[in-house]
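*Asks:* return atomic coordinates for the entry below.
(chains A and B)
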Amino acid sequence: MRKFFLLLLLALCLACSRNVRSDGTLDSLPPIWPDYAGVTVPCNIAPLDFSYLGDEPCRLLVGDRCIKGKDGCFIVPKRLWRAQMAADSLQLTVQVCRDGKWLSYQPFTVYVSRDEIDPWISYRLIPPGYQGWQMMGLYQRELAGYTERAIIENRLTGGNCMNCHTYCNGDPEKMVFHARASFGGTLLVNDGSIEKLNTKTDSTLSALVYPYWHPSGDYIAFSVNKTLQVFHSHDPNRIEVYDEASDVVVYNVHTHEIAWSPLTKAADRFETFPTFSPDGKWLYFCSARAVAPMPQEYKGAKYGLYRIAFHPEDMTFGDELECVYDAPLEDKSVSFPRISPDGRWLCFTRHGYGNFSIWHKDADLWLVDLQDGSVRELAGVNSDDVDSFHTWSSNGRWLVFSSRRDDGLYTKPYFTHVDADGKATKPFLLPQENPLEFYKRRMESYNLPAFTTGPVETDAFDLVRTMRDDAGINVTVKQ
Amino acid sequence: MNRFALAYREQQQLFLFDKTYLLGTLLKVGGLSTLTGRFIVQFFWNPTIALCLTVLLLLLGGWMLWASVRRSFSDWVLLPVVCIPFVLLGASLADNAVYFDVVPAWLFAVGALWLYNNCTRARVWKGLLLTGVLYLAAGPAALLFAVCAMITDAFRRDWRGTLYPVLGLLCGWLAYRLAWVPTLAAAWTPALYYNIDAPLPAWHWTAWACLPLSVLFCEVLKRLKVKRWVPLVAGLALLGGTFIPAGSIAKKSELRQSSLDYEFEYYTCREDWDGLIEACMHAPWLPRTANYLNMAFAWKGELSERLFTFDQRGPSALVQNTPDRGIDVAMSHLLFTMGNIAAAQDVAFNLFYSLNGMCPAMVKINAQIELMRGTYAVADKYLSILEKAPHYRSWARSHRRFLYDDAAVEADPLLGNGRRNLAAENGFSMFSDPVGELFPILDVNPGDTRAREYVLCYLLLMKDLNSVKHFIEDYYQGEKVLPRVAQEAMVFYSEYSRNVEGIEPFGIDWCYDHGVIHDTVLRFIAYQQAAVAGKASLQKFRGTYWYYLIHTEI
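*Replies:* Numbers count the residues shown, from 1 in each chain, chains lettered A, B, ... in the order given. I've put the predicted structure just below:
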């Protein structure tokens, strides 16, 4: 028995020997997935496991350590990864065995940023379908590890639809999301209390839809939309989600009242995707000249970026609308404005038309420098496919966004580092243990990824009970 | 029990030999029974196997229950009584919203009862342990065990058995409190084994109530000092009587969905078009049946030729054109057959998930359409999933050769045709009418004969002869012989156009130039003579377009 353990120890030592021979080099970078070559990661991220896509036996050199590939997959031990994260970068070399010789691909570097990333993200997992949602839920994922937890799943709520989960400054104690169909309503979690809101009023087009919290936590801006969707018969974009009408309103979490300005609820315009500035004094939103009939004129809806002053002390609005970015002037449209916590950068999605960019292959992330009003692409981040919905980390140095770059259909969360000058690094995919197998097996899209500063601890039981049993509070219009 | 309804359960799930699937299924309340049920249902692709397996499992349950309550083999007279709950359980299975998990859950419960009744030492501890473990493994069926064990203990004057139902209820409450199950009803009752989107119909309680009642009855019978034939006769009478409520339960369950659809889907999924035609011929006048029947004709390339081999009732016999075109598998199959690939995917993707997981037929359609689109990474994803299911492995592997090989896709009759159809000018699918959407498809792919036949037959069934004429001019150019029904339509319309004002007249020469043969003209003369002679003489023309045109109201 003792001999056996000695042999095992020897085998382990050989498997991870510190002096690994190389019989030659290859001129190219290794074909790997996910493509982590040259990415920048936060120092508190989980190990970036990845797969070599060739068929040969392979191994990975991390510093002076060697990791044997299992079916092409390199599982980086957590302790080794942690140690490597102390440096500014780490170099990874993939070796493959061809004709009995170990050949080294060109090494690649993973840069390590000292800017920590928020420890959790949450997202909705849903098949990237069009109307069906039999199996879906809101989930959260620890970024330093691989733990995924359900916040709430619709198997507990009659298979209804849940969407638009949003947090106040990433605070997991302040969350809002909607439930549609059975047990419908808006659930608002606010420092331990859970409220169900019936948000349709006689004065608004619909129940409240796309939310954004005021930094004070006292208000939430919402759009109200008459949203429909159609399926393209022969278009790479597949789906068109469009509004026949939409407005922007602000909800007071204490009085359960909503209010709006005539400038956010104009009859001849579509207003949507509201966002507060970090100081809470401005309400940004997207607005387009109303077009009809829909969906025939769907390409005519071009949204620009506007803002209006908001007075949190009395829940009133300014008298003027300011155009921040006149995208229609460039024959473009914008969606999902999100401002960095330092108030410097406004990141938005830019695309050809409409507002539901997640189905637009030309959707890319762009930045507005709110200091000088200049607008530019978030270079180095975008792909040929959809790059859309994004949120900032609480320190304003990381962006998480949804991208369909891998297969064109299933969105996955990518992360990029944005420095003080608004320069972004090559994004990296949410790490998984054996990501190739994991993402191939996952049959859902990651929807609306959002950073949180900790895990959502709200009891799923309480959420379910409130959703199922609570009659809900009727939202009223502020007089 | 409708064997096709049972077989359809195989289409309501995709059992995967995959760690994520196995663990994900197992680590839920009643996970072991769910996993076992789904494992069994994967073999239901054959309706006879489905029926035999189900009957065998129910018989096994009856035997295990008998083994639990008998004192010796001489108690065989109790057999009819123990079969009663399983007859009712079988009847409940006619409702496809009842998960098949309920069968293994019952088997586990009865198995636990057998184990419990055969142990003599530390019975209470073992009973409590069985209740707890059973709750995790089989869900609320643990309460069935608990109540049955309590009853058997009560007849031994051991009242400690009351602890088991208490523990079962406690386990249920805990599962509810931990949000493992949505409601207390799901935690404590058969609602856990029923479609979460629908309330559990009351009649499904019958079987559940009968299980402890049959145990109670057996215990009473065992203790009656009567002749042996008395319990036997009583049991047989009860069992015989059970078939009345069982029949009623099955009927109520089947009324909730068309049992015919299950049969049609069975043949459709296997692409057994002759089988589908035979199945449809029992009631071809029903619109949905006609949809399937015409679809089978289309796949065999005989749609127009066999269009009037049964009484058509208007264009809805081809595809129902309602404003709210339902999201159902039939619609996806129909649109796929018609060549409206994008619309087929719109429906198929929404049906990707069925009652208990992925729907294999819809995953296959999606995989095929992704290959047509050339989105190979997504196709690869779907093929990988199908490869994890033994029954679909070979199909998936046979389609791997198309991945990243445009030439192979384009050379394949089905996939190549679909790809050509997808090249049509963009529009919104399912926005106008499903047949109208085929025109742009035919413009880019006039070689899609199924699409062409669907449009032709749709226009014929609409009795829109002017459109038929233009369609023939545009899409049947160069055809030497038109489909017979189209010939009949044009011969009629030619004469009609010459006799009715407001229609551009065209002569019989136009007909001859566009694929009408002389025999059709002669038959039309005979038809006209028969029409003058009276309706009885027209019987031999029932299979003609003329008869449909004049005598069928749409």
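*Asks:* who touches stretch B:464-477?
*Replies:* Contact with stretch B:464-477 is made by B:442, B:446, B:452, B:455-456, B:459-460, B:482, B:486, B:489-490, B:492-493, B:496, B:503, B:506, B:514-515, as judged by Cβ atoms under 8 Å, 6 or more residues apart in numbering or on different chains. Using the backbone N, CA and C atoms, a C-beta is placed for each residue, glycine as well.
*Asks:* one more: stretch B:347-358?
*Replies:* By Cβ under 8 Å, 6+ apart, the list of residues contacting stretch B:347-358 from outside reads A:127, A:129-132, A:134-135, A:443, B:9, B:11-15, B:38, B:41, B:96-97, B:99, B:195, B:327-329, B:331-332, B:335-336, B:359, B:362-363, B:365-366, B:369, B:385, B:430.
*Asks:* now the buried members of those residues.
*Replies:* Buried members of the contacts of stretch B:347-358, scored by 16 or more other Cβ atoms under 10 Å in any protein chain shown, are A:127, A:129-130, A:132, A:134-135, A:443, B:9, B:11-15, B:38, B:41, B:96-97, B:99, B:195, B:327, B:329, B:331-332, B:335-336, B:359, B:362-363, B:365-366, B:369, B:385, B:430.
*Asks:* just those: which are in helices?
*Replies:* B:38, B:41, B:329, B:331-332, B:335-336, B:362-363, B:365-366, B:369, B:385 (DSSP state H).
*Asks:* how far is the least confident helix or strand in chain B by mean pLDDT from where the chain is centred?
*Replies:* Lowest by mean pLDDT, DSSP states H and E among the helices and strands of chain B is helix B:229-255, with a mean of 75. Remark: helix B:229-255 is offset 27 Å from the chain centroid, using Cα atoms, centre = their mean, to the nearest Å.
*Asks:* for B:Ala367, see how far away whatever residue of the stretch 1-150 of chain B ends up closest to chain A is.
*Replies:* Across the stretch 1-150 of chain B, the shortest distance to chain A (Cβ to the nearest Cβ) belongs to B:Thr20, at 5.5 Å. Using Cβ to Cβ, to the nearest Å, one gets 19 Å for the distance from B:Thr20 to B:Ala367.
*Asks:* hang on, the earlier thing: for the ones in helices among the buried ones among the contacts of stretch B:347-358, which one is nearest A:Gln95?
*Replies:* Comparing these against A:Gln95 with Cβ to Cβ places B:Ile385 closest, at 32.1 Å.
*Asks:* state the distance from the residue lying closest to that closest one once chain neighbours are set aside to B:Leu178.
*Replies:* Closest residue to B:Ile385 apart from its sequence neighbours, by Cβ to Cβ, 6 or more residues apart in numbering or on different chains: B:Val363 at 6.4 Å. Applying Cβ to Cβ, the value for B:Val363 to B:Leu178 is 32 Å.
*Asks:* over to B:Leu276?
*Replies:* From B:Leu276 to B:Leu178 the distance is 47 Å (Cβ to Cβ).
*Asks:* those two: which has the busier surroundings?
*Replies:* Using other Cβ atoms under 10 Å in any protein chain shown as the criterion, B:Leu276 and B:Leu178 rank with B:Leu276 on top: 24 against 12.
*Asks:* contacts only, for A:Thr452.
*Replies:* Residues near A:Thr452 by Cβ under 8 Å, 6+ apart: A:118-122, A:140, A:167, A:170-172.
*Asks:* what's the closest non-adjacent residue to the residue of the stretch 1-150 of chain B closest to chain A?
*Replies:* Leaving out its chain neighbours, B:Thr20 is closest to A:Arg441 (Cβ to Cβ, 6+ apart), at 5.5 Å.
*Asks:* number of nearby residues for that neighbour?
*Replies:* By other Cβ under 10 Å, 17 other residues sit near A:Arg441.
*Asks:* now do B:Gly275
*Replies:* 16.
*Asks:* that one and B:Ala290, how far apart?
*Replies:* In this view, B:Gly275 and B:Ala290 are 17 Å apart by Cβ to Cβ.
*Asks:* what do you get for A:Lys78?
*Replies:* 62 Å.
*Asks:* next: B:His204.
*Replies:* Distance, B:His204 to B:Ala290, by Cβ to Cβ: 33 Å.
*Asks:* now do B:Thr206
*Replies:* Going from B:Thr206 to B:Ala290 by Cβ to Cβ gives 37 Å.
*Asks:* repeat for A:Pro262
*Replies:* The gap separating A:Pro262 from B:Ala290 is 56 Å, by Cβ to Cβ.
*Asks:* who's more crowded, the two?
*Replies:* Ranked by neighbour count (other Cβ under 10 Å), A:Pro262 and B:Ala290 place B:Ala290 first, with 24 against 10.
*Asks:* that's a helix at B:Ala342, yeah?
*Replies:* Yes - B:Ala342 forms part of a helix when assessed by DSSP: H, G, I helix; E, B strand; the rest coil.
*Asks:* so who does the closest residue to it other than its chain neighbours touch?
*Replies:* Counting by Cβ to Cβ, 6+ apart, B:Ala342 lies nearest to A:Ser233, which is 4.2 Å off, once chain neighbours are set aside. Under the criterion of Cβ under 8 Å, 6+ apart, the neighbours of A:Ser233 are B:340, B:342-343, B:424, B:426-429, B:437, B:440.
*Asks:* only whichever of those are buried, select them in ChimeraX.
*Replies:* A single ChimeraX command suffices to select whichever of the contacts of A:Ser233 are buried according to 16+ other Cβ under 10 Å:
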select /B:340,342,343,424,427,428,429,437,440
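*Asks:* do stretch A:190-203 and chain B meet at all?
*Replies:* No - using Cβ under 8 Å from any Cβ of the partner chain, stretch A:190-203 never reaches chain B; the gap is at least 13.3 Å.
*Asks:* what residue ranges in the stretch 401-550 of chain B score low on pLDDT?
*Replies:* B:430-431 (pLDDT under 70).
*Asks:* return the residues of it in contact with chain A.
*Replies:* So the stretch 401-550 of chain B meets chain A at B:422-431, B:437, B:440 (Cβ under 8 Å from any Cβ).
*Asks:* any chance of those residues in TSV, plus secondary structure?
*Replies:* Converted to TSV, those look like this (three-state DSSP):
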residue	secondary structure
B:Leu422	helix
B:Ala423	coil
B:Ala424	coil
B:Glu425	coil
B:Asn426	coil
B:Gly427	coil
B:Phe428	strand
B:Ser429	strand
B:Met430	coil
B:Phe431	coil
B:Glu437	coil
B:Pro440	helix
